[in-house]
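> Predicted model and sequence below, questions to follow.
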Number of protein chains: 4
Amino acid sequence: MIAVVKDTATPEQVDHFVSWIEGKGLSAHISKGDNTTIIGLVGDTTQVDPYLIEGMDIIERVQRVSEPFKRANRKFHPLDTVVDCGHGVKVGGGTFNVIAGPCSVEGDNLIRIAREVKAAGATMLRGGAYKPRTSPYAYQGMGEKGLDILCAARDELDMPIVTEIMDPRDVDKFLSRNIEVWQIGARNAQNFPLLKEVGKTKTPILLKRGIAGTIDELLMAAEYIMSEGNPNVIVCERGIRTFETRTRNSFDLNAIPVLHGLTHLPVCADPSHATGHTRYVTPMALAATAAGADCLEIEVHDDPKHAWSDGAQALTPAQFRDAMARIAKVREAVTMEVE
Amino acid sequence: MIAVVKDTATPEQVDHFVSWIEGKGLSAHISKGDNTTIIGLVGDTTQVDPYLIEGMDIIERVQRVSEPFKRANRKFHPLDTVVDCGHGVKVGGGTFNVIAGPCSVEGDNLIRIAREVKAAGATMLRGGAYKPRTSPYAYQGMGEKGLDILCAARDELDMPIVTEIMDPRDVDKFLSRNIEVWQIGARNAQNFPLLKEVGKTKTPILLKRGIAGTIDELLMAAEYIMSEGNPNVIVCERGIRTFETRTRNSFDLNAIPVLHGLTHLPVCADPSHATGHTRYVTPMALAATAAGADCLEIEVHDDPKHAWSDGAQALTPAQFRDAMARIAKVREAVTMEVE
Amino acid sequence: MIAVVKDTATPEQVDHFVSWIEGKGLSAHISKGDNTTIIGLVGDTTQVDPYLIEGMDIIERVQRVSEPFKRANRKFHPLDTVVDCGHGVKVGGGTFNVIAGPCSVEGDNLIRIAREVKAAGATMLRGGAYKPRTSPYAYQGMGEKGLDILCAARDELDMPIVTEIMDPRDVDKFLSRNIEVWQIGARNAQNFPLLKEVGKTKTPILLKRGIAGTIDELLMAAEYIMSEGNPNVIVCERGIRTFETRTRNSFDLNAIPVLHGLTHLPVCADPSHATGHTRYVTPMALAATAAGADCLEIEVHDDPKHAWSDGAQALTPAQFRDAMARIAKVREAVTMEVE
Amino acid sequence: MIAVVKDTATPEQVDHFVSWIEGKGLSAHISKGDNTTIIGLVGDTTQVDPYLIEGMDIIERVQRVSEPFKRANRKFHPLDTVVDCGHGVKVGGGTFNVIAGPCSVEGDNLIRIAREVKAAGATMLRGGAYKPRTSPYAYQGMGEKGLDILCAARDELDMPIVTEIMDPRDVDKFLSRNIEVWQIGARNAQNFPLLKEVGKTKTPILLKRGIAGTIDELLMAAEYIMSEGNPNVIVCERGIRTFETRTRNSFDLNAIPVLHGLTHLPVCADPSHATGHTRYVTPMALAATAAGADCLEIEVHDDPKHAWSDGAQALTPAQFRDAMARIAKVREAVTMEVE
């Protein structure tokens, strides 16, 4: 962390600041320029609040130079984390997985869709039982009954299930059903009580980036979970909010190679929510794979126009099979040896 | 709501769509242009999911023309809502109030600061006991002990207190202490379980706009609270995330007159979080007042450089007194009669 | 285009508005709802200014439902445009091309780099002679001498050259040298005098999206060029400005399939400027190819750390060869037949 | 400027980098931390390209700590610049001015509107003769005839005129008519040939912030003009592009106090373009004044619904008089002495 000192600071004030820094167990290195004096704060700065320093009279600006996340940081943990999701599915470390299924669990059609996606090569089944919806008047999900339908599909098909948890009070419902992967949605990307609560388990967490979350904030959210003791986090790019309105979100695929550089955690990408329109899902699923995603999450529905939510972005099973064939070819491009 | 029909749609498909719409209790008006056919969906469209329709084969695009919020909508409730916060403080309907106090409750200094802000004209006291922090390693607040310190200040000074609730499991702690105004922070602007839970009380809620929340989403969050039975919502602009990095957020003051047009709820503005730097707080507090805010929330600390959080944006009591004098003059500009 | 009428409008006012619309050669279709009246404006609305209508007393809001661009619109020109760039290079219509070379023309090394990129499979050579730089103190390019160096490389290698034009007064310099493809940079995406000037030629234009330009604005800029008589436009996604700071821009790859749906013009993508860092260029070049780009523009330099501008994002020739091999494999995924 | 060195750098590489820095006439200060080594580059770094350094093998990241603008920088020029616009009008240094008039010059009504705005207290007259329009099919302005109409109004009313220049080839037309203030619009905020051309004159320039321009980029654009020899620049906040769609732009009023801190140049604000709707113009004009603007630019039209462009955001003369009375009162709040 560096602090830029104001021109008006006296030497005494600078000395006083340096003492304060040293009192925090850090050391301070001073660089005096013609117009600017910079103080480098050296040591474990993850616990120093930059805004606190910026509030001091003599300080003009503060900038972090090392990342504020530790457990999620590749510098301190160079090898890829592999998250074991059960039923033989491992995410990260050179593997490639596709999570597929409907946006919402709606009833009997779940098992039909599940069979289709498994046959096409999906390794995990998704479906929402608790749905975060912008409007209180929109469909809010089947709740526990939806969880049971998911579990029945898992038991029949021997594949892990992925479903969203929105409320820290629901942890027991998820634990008692041994739900393999808990999704934290974009709207809860900074719901710290929820992050802490799921951090107290060892369950794999599929953590989505907030709609206005920076890459660093995504990793700080992962850090919340990991600092409570749960190392099994998969981070997921799912589109960010920008000024462009032709798509529901802007899919920030740059985040995939950036995340691989910053963290050892596996990186997932969700082309369905990141585009919001069926016709863009396959090209963007290919693009996410090409950018180096370890995992994709894709919405599939056998009757999208009657789906209870987000039908506009679901692939049909036939479209999903087409996408999977192309994705496999793109993976070859990513993993092949070039002499 | 209008649906733009694709060129390729057959008359039979359009008829089928119209029947489907009518089956939902809406009526459909068709406008055929040279290149485009538009179907207007008329009736109560708040319960229709535009994404569902956009998923249909024959539909190119769907646009809402009426707002998806009802209880918060000024069209259905033209008169300003006045929220009674107790201790004689009423927000909205032509009144003007200032909430002031430290970012976090830290201990004995709260009562000192509280006396200062009350003397300067603040009508409500703020202070955080539960702090949402980006880093799990940053200070997380005093919790219940902080609530008790706030309550003691309230009792001594006879002024309502405003403090943040982050977890639906904390409702009883807030209710049992009769905390006058519960703040929902920007990070929880779409934490729907929390919104529903506070909606089951009658307590005034100070609802902050999400960092990437549109004005419509802010009103939909208010709608979540109101649809559970609590009409006492104050909406608050506190800065949005943009590409500009010289300030912590971009203060979207346009939102103030826009909100006054769309909703009958009182509108608050928070220049402290919207700027992130002490030196911008006073001018932006004046600007928010000039734009027509009903209420301001301003951080004040008597020793900002040692504050436990957000010291960089707190005014000193002397700065706050200066700001209050200018704010009073700006209010004259807003409310004066011009012949 | 639809106009939403205010509740307060009288029938006489609506009649008066309808007459005014009809006087413009359009027809008006009225849909009366319980809370909202909508008037559909039908006919050629490309010449109607929505802001003009929105300024009228009785109008609440105006929304376009058909696109404001005509010549660039796939609806009126369903077949892909193929832009002939000379030397046998055709862009669009199922072809695939890569433009490569240094950010700036610097001197003798251009021909060396050009030979490398040609050998690796690039079909066009790029290099900047006029450089738009944020700072007046940064290197501004070699000017005409740079153009001559480019032309010499073109003549030796028989490949078209691509270089940026910034000033309408430079058109003659470009024309007299028969420069094959003129690039309009992101900062000039709405420099209308420049767009009109290049529209008066028949030269292929590589038109970059503005840093805050919507997809529709990119197509309106193309429309400026096309409306002056030049149909040879290649549109190019090169990253947009968002709140994310880990990369120079956010690469909006969603724009590629969106553009293919809206326009018949070929679509290029520039992973170098869209990321700003060498280490992200190859994955994002693959991603852009996977998303369906017709053409890529990639910066290559044989000594990036001494490049005069943008060295941070250039590939070395060896990295470029690796990228080209993978890109070819990704193209197979995009173009293969899936039964 | 500081450079963060990668963990993998050898001492020899660091030494080599330091020599290179010193060869540029700068000095280098090294701070070694546990996880990070930082090198401070000290001296005149305005001519160092941070991207060049970031391209080097051993460098992880580069951050500026001092501003890249010099002539516009308050550090080197602490006193406010006062721009003399002729006819007795001086902008900056504690003065307050309002520019008013129609969006476009349309003909005879200009002089009528001009008399109204002058009577209400405006000190400068605006009107566009060259109009940058998103669509090539929209009205593009009267051109030279419009300039002549403006000059006639100026001569009758003895007040400076403000009008937009879009093309470097138009400089002579503006010079020969002695047009007092030349406006550079948001779309040309990085049109460097135009900025340089107007920099060769001594004419006051009203320089608008780009729609996605940072505050620093606005000051770098000013620097382009000033580095050519023209010190008479007024910078203008006019709204930025964000995700919010209820207003045409988001008015970044934080920029006003930020600019006052960074630069000695006068700061203008344009509530008409920043909101796009008449009903928000007055509150936001008050807000901009309260935030400390030295100058406002407001669109006024005596028949907004028939205006040729931007009628939706023009005030009527009566509305403008009301706004001016309130603005005067807000100025009292800004300038009053508080004991």
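Yep, it's here.

> Have a look at chain A and report the helix or strand with the lowest mean pLDDT.
helix A:50-54 (a mean of 75; mean pLDDT, DSSP states H and E).

> who does the very next helix or strand once past that one pair up with?
Counting by DSSP states H and E, the element after helix A:50-54 in chain order, helix or strand, is strand A:59-63. Strand A:59-63 sits in its sheet next to strand A:2-5 (antiparallel), going by DSSP bridges.

> What about the residue in the stretch 201-339 of chain A that chain B sits nearest to, how many residues nearby?
Closest approach between the stretch 201-339 of chain A and chain B, counting by CB to the nearest CB: A:Ala212, at 2.9 Å. C-beta coordinates here come from the backbone N, C-alpha and C atoms, glycine included. A:Ala212: 24 surrounding residues under other CB atoms under 10 Å in any protein chain shown.

> quick one, what contacts the residue nearest to it when sequence neighbours are not counted?
Nearest residue to A:Ala212, sequence neighbours excluded (CB to CB, 6 or more residues apart in numbering or on different chains): B:Ala212, at 2.9 Å. By CB atoms under 8 Å, 6 or more residues apart in numbering or on different chains, B:Ala212 lies in contact with A:210-212, A:241, B:240-241, D:243.

> follow-up on the earlier one: run the contact check for the least confident helix or strand of chain A versus chain B.
Yes. Residues of helix A:50-54 contacting chain B under CB under 8 Å from any CB of the partner chain: A:51-52, A:54.

> residue ranges with poor pLDDT in chain A?
Flagging of chain A using pLDDT under 70 yields the residue ranges A:33-35, A:47, A:306-310.

> I'd guessed A:Leu195 sits against A:Ile184; true?
Yes. Counting by CB atoms under 8 Å, A:Ile184 is a contact partner of A:Leu195 at 6.9 Å.

> Restricting to C-alpha, output the least confident helix or strand of chain A in CSV.
C-alpha atoms of helix A:50-54 as CSV (Å, rounded to 0.1, in the frame of the first residue of the first chain):
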residue,chain,number,x,y,z
PRO,A,50,-7.1,2.6,3.1
TYR,A,51,-10.0,4.9,3.8
LEU,A,52,-8.8,5.4,7.4
ILE,A,53,-5.4,6.6,6.1
GLU,A,54,-6.9,8.7,3.4
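
> Would you mind listing what in the stretch 1-150 of chain A touches chain C?
For the stretch 1-150 of chain A, no residues are found near chain C under the criterion CB under 8 Å from any CB.

> For the stretch 1-150 of chain A, which residue gets nearest to chain B?
The nearest approach of the stretch 1-150 of chain A to chain B comes at A:Gly55, 3.6 Å away (CB to the nearest CB).

> Assess the claim that that residue and B:Ala312 are in contact.
Yes. Counting by CB under 8 Å, A:Gly55 does reach B:Ala312; the two are 3.6 Å apart.

> quick one: the strands in the stretch 1-150 of chain A?
For the stretch 1-150 of chain A, the strands defined by DSSP state E, counting those that start in this stretch cover A:2-5, A:27-32, A:37-42, A:59-63, A:83-86, A:89-91, A:97-101, A:124-126.

> possible to save those as TSV with mean neighbour count?
Output for the strands of the stretch 1-150 of chain A, formatted as TSV (neighbours: other CB atoms under 10 Å in any protein chain shown):
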stretch	mean neighbour count
strand A:2-5	21
strand A:27-32	17
strand A:37-42	24
strand A:59-63	19
strand A:83-86	20
strand A:89-91	20
strand A:97-101	27
strand A:124-126	28
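
> and B:Ala323, which of those strands is closest to it?
Across the strands of the stretch 1-150 of chain A, B:Ala323 has its closest neighbour in strand A:59-63 (22.4 Å, CB to CB).

> And the closest one, how far out from the chain middle?
Centroid separation for strand A:59-63 versus its chain: 30 Å, with CA atoms, centre = their mean, to the nearest Å.

> Can you pull the residues of the stretch 101-250 of chain A lying near chain D?
For the stretch 101-250 of chain A, the residues in contact with chain D (CB under 8 Å from any CB) are A:241-243, A:245.

> Please go through those and note which also touch chain C.
When contact is defined as CB under 8 Å from any CB, these meet chain C at A:242-243, A:245.

> possible to save these as JSON lines with neighbour count and secondary structure?
Output for those, formatted as JSON lines (neighbours: other CB atoms under 10 Å in any protein chain shown; DSSP: H, G, I helix; E, B strand; the rest coil):
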{"residue": "A:Thr242", "neighbour count": "27", "secondary structure": "coil"}
{"residue": "A:Phe243", "neighbour count": "23", "secondary structure": "coil"}
{"residue": "A:Thr245", "neighbour count": "11", "secondary structure": "coil"}
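
> Pick out whichever of those sits closest to A:Val98.
A:Thr242 (26.5 Å).

> Contacts only, for that closest one.
Applying CB under 8 Å, 6+ apart to A:Thr242 gives the contacts A:249-250, C:240, C:242, C:250, C:252, D:243.

> Mind doing that once more with 7 Å?
Neighbouring residues of A:Thr242 by CB atoms under 7 Å, 6 or more residues apart in numbering or on different chains: A:250, C:240, C:242, C:250, D:243.

> For the second one, what are phi and psi?
Read that as C:Ile240. Backbone torsions for C:Ile240, taken as degrees, to the nearest 10, come to phi -120, psi 160.

> what about it, distance to C:Ala290?
Distance, C:Ile240 to C:Ala290, by CB to CB, to the nearest Å: 19 Å.

> can you give me the helices for chain A?
All helices of chain A, identified by DSSP state H, fall at A:11-23, A:50-54, A:109-120, A:144-157, A:171-176, A:192-199, A:215-227, A:255-262, A:271-275, A:278-290, A:317-335.

> Redo those as TSV? Include mean neighbour count.
Below are the helices of chain A laid out as TSV (neighbours: other CB under 10 Å):
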stretch	mean neighbour count
helix A:11-23	14
helix A:50-54	20
helix A:109-120	20
helix A:144-157	17
helix A:171-176	14
helix A:192-199	23
helix A:215-227	24
helix A:255-262	23
helix A:271-275	28
helix A:278-290	27
helix A:317-335	19
